[in-house]
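*Asks:* Show me how the following folds:
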Amino acid sequence: MVYGFWFRADVPVSSSLASHTCTAIILFSMNRKSKILRFLKKLFIALLLFLIAFSGYVAIVTRNVNDMTLRQRVLKAVYPAFTWLNKITGKNSKVFTNESPASPPQSLYNLSIALNNGDSIPLSNYKEKNYYW
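*Replies:* Residues are numbered from 1 along each chain as shown. Sure, this is the predicted structure:
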């Protein structure tokens, strides 16, 4: 893509044509700079509006919470989006299975536990019982 008009130095050119060519080159470069500046200005405004909207969303989501830092409030507001994104992309959703199950060297109920007073209790006493520790 060529920006501006160019002329060869070995070809004689009238002074009016050369001045018009230089003027065209300067106008094209200024036009390009102004386009970049307009784009950057629009980008800055869009980012600023997004930041204002996001901070309003965080304030609404965490309006009933008093003892949270700003970081905790932002993470609380953004966490559903992270979980939705992980669910959609399938990341961190691997299920590991044991393809070739190995048998243990001995049963858990063959072991015994040493107590603080020096006695030992075999785990076979608890074989048929449900204990939740």
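*Asks:* quick one: contacts for residue 62?
*Replies:* Contacts for residue 62 (C-beta atoms under 8 Å, 6 or more residues apart in numbering) come out as 68, 73, 76-77. (C-beta placed from N, C-alpha, C; glycine too.)
*Asks:* cutoff 6 Å now
*Replies:* 73, 76 (C-beta atoms under 6 Å, 6 or more residues apart in numbering).
*Asks:* State the distance from the most centrally placed residue in the chain to residue 65.
*Replies:* Nearest to the geometric centre of the chain sits residue 82, at 8.1 Å (C-alpha atoms, centre = their mean). Residue 82 is 19 Å from residue 65, where distance means C-beta to C-beta, to the nearest Å.
*Asks:* Just the buried residues of the helix or strand harbouring the residue nearest to the centre of the chain, please?
*Replies:* Using DSSP states H and E, residue 82 sits in helix 70-89. By 16 or more other C-beta atoms under 10 Å, the buried positions in helix 70-89 come out as 73-74, 77.
*Asks:* Reformat those into TSV and put distance to residue 108 and pLDDT next to each item.
*Replies:* Formatted as TSV, the buried residues of helix 70-89 follow (distance: C-beta to C-beta, whole Å; pLDDT from 0 to 100):
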residue	distance to residue 108	pLDDT
73	46	90
74	46	90
77	46	89
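*Asks:* Let me have the residues you listed in a markdown table, extended by distance to residue 97.
*Replies:* Shown next, in a markdown table, are the buried residues of helix 70-89 (distance: C-beta to C-beta, whole Å):
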| residue | distance to residue 97 |
| --- | --- |
| 73 | 39 |
| 74 | 37 |
| 77 | 36 |
